[in-house]
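S.K.: I'll drop the sequence and a predicted model, then ask my questions.
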Amino acid sequence: MRLMKFIQLFTFIAVYFFSVTACANQPSNEKVDNFTLPDYNGSEHSLSDYRDSEAIVIMFIATECPVSNAYNSRMESIYSEYSKKGVAFVGINSNKAESVERIKEHAEENGLTFTILKDDNNVVADEMDASVTPEVYVVNSEFEILYHGRIDNSRDQEDVTSEDLEIALNEILEGKPVSNSSTKAFGCTIKRVQ
Amino acid sequence: MNFVFQKWKINCLVALLLAIIVCDIHSQSGSSIDVKMIKTSDLELIVEEAKGSALFINVWATWCAPCREEFPELVKLSEEYKSEMKFIGISADEVEDIDEKVIPFLEKQNAQFQNYLIKVSDPEDFINALNKDWSGALPATFIYNKAGTQVKMLIGKQSYEQFEQAIKKVIN
């Protein structure tokens, strides 16, 4: 009788811990809605265009934010490396004061070759609850959020000790759950229309 | 004798004027602005020490344009409400920018409240310690009541009126 109770208790604890661990490694089930926005040349892009990718990286960026600008070369380098591995990249500029012309000029000045979309009236930023630049979302083909947060843990590239976005992408490409799916760093507020 | 006394008076006057000029230059050079380094664990102590008074914490950086724009309003409010509320500024600038950027900016603004600069290797814990719902977007202001409970988080540039409205809610 005692043995049965012990087995029942052990099974309960084992199932509980297995479930908790499994849940922690699954996508949050928070999803991003499909959207369609124009790039700086006027061509429209929908999130659904990238459904066949291994993952989609959505980066909220800015032309005048020193933090976002500190990441220009890092963003381009990550794009260059991971686009070869089947990951799609989309930059979004939701700042009300940053025009399409300025976004194009800024991309050319800084050698940003990934697609950059203009989110007029910050509609997509509002839908995704994005508040800062740079801010990254990585979603799967079902648009479930696998990773949300920073590119890495330091504005100064020399002080980086945790390349969070790259760690998340590597884990996704290896078919593993993302070990740290939510991170934070200081950045510039996305300037919205009132 | 009278001549000696007159000369002594003139010397005293010149010395006094020199002292006033030197003092003025010294204060203009910002020696009154003190910026202390803080780490995440210091936040709890700051809030604890302020208990009994309402507390206003503004997190800003010299690289953040809206932070610089709202700063004069903070300085005005910190003077106006200094008897009712404790004001604290926390800079998210790099440690190496303290002498060339942070202190000169605070001097120019005449920010006479307590100023700190965050010295952490990873900002995430600091952000979460102030508020788990805060993304890290600057500027950010956190208002605490007299019991040390955070009652308001304001993200992005605020106007004098927006700040004042939040302040009045905790001091009344």
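M.R.: Great, that's in hand.
S.K.: when you work out contacts or count neighbours from here on, use the C-alpha atoms and nothing else.
M.R.: OK.
S.K.: which residue is nearest the centroid of chain A?
M.R.: A:Tyr137 (1.9 Å; CA atoms, centre = their mean).
S.K.: residues in chain A within reach of chain B, list them.
M.R.: Within reach of chain B by CA under 8 Å from any CA of the partner chain, chain A has these residues: A:65-66, A:131-133, A:153-154, A:159, A:183-189.
S.K.: just the buried residues out of those residues, in PyMOL syntax.
M.R.: Those of the residues of chain A next to chain B that count as buried under 16 or more other CA atoms under 10 Å in any protein chain shown are selected in PyMOL with:
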select buried, chain A and resi 65+66+131+132+133+153+154+183+184+185+186+187+188+189
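S.K.: and the residue of chain A that's closest to chain B?
M.R.: Per CA to the nearest CA, A:Phe186 is where chain A lies closest to chain B, at 4.4 Å.
S.K.: can I assume the residue nearest to the centre of chain A sits in a strand?
M.R.: Yes: judged by DSSP: H, G, I helix; E, B strand; the rest coil, A:Tyr137 forms part of a strand.
S.K.: wait, what's in contact with the closest residue to A:Asp152 other than its chain neighbours?
M.R.: In this structure, A:Asp152 finds its nearest non-sequential neighbour in A:Glu163, 4.4 Å apart by CA to CA, 6 or more residues apart in numbering or on different chains. Residues near A:Glu163 by CA atoms under 8 Å, 6 or more residues apart in numbering or on different chains: A:151-153.
S.K.: which one of those residues is nearest B:Val151?
M.R.: A:Asn153 (28.6 Å; CA to CA).
S.K.: distance check, the closest one against B:Gly136.
M.R.: Per CA to CA, to the nearest Å, A:Asn153 is found 12 Å from B:Gly136.
S.K.: shared neighbours, the two?
M.R.: Residues touching both A:Asn153 and B:Gly136 by CA under 8 Å, 6+ apart: A:Ala185.
S.K.: check which strands are paired with the host helix or strand of B:Asn115 and give the direction for each one.
M.R.: If you go by DSSP states H and E, B:Asn115 is part of strand B:114-118. Strand pairing for strand B:114-118, using DSSP bridges, gives strand B:35-38 (parallel), strand B:85-91 (parallel).
S.K.: could you look over the ones you listed and pick the most buried one?
M.R.: strand B:85-91 (a mean of 23; mean count of other CA atoms under 10 Å in any protein chain shown).
S.K.: could you report the neighbour count for the residue in chain B that chain A sits nearest to?
M.R.: Going by CA to the nearest CA, chain A is nearest to B:Gly136 of chain B, at 4.4 Å. Per other CA atoms under 10 Å in any protein chain shown, the neighbour tally for B:Gly136 reads 28.
S.K.: what sits against it?
M.R.: B:Gly136 neighbours (CA under 8 Å, 6+ apart): A:132, A:184-187, B:127.
S.K.: for chain A, which segments count as strands?
M.R.: A:36-38, A:44-46, A:55-60, A:87-93, A:115-118, A:132-133, A:135-139, A:145-149, A:187-189 (DSSP state E).
S.K.: highest mean neighbour count out of those strands?
M.R.: strand A:132-133 (a mean of 31).
S.K.: show me what that one packs onto, helices and strands only.
M.R.: Here strand A:132-133 touches strand A:187-189, going by 3 or more CA pairs under 8 Å, 6 or more residues apart in numbering or on different chains; DSSP states H and E.
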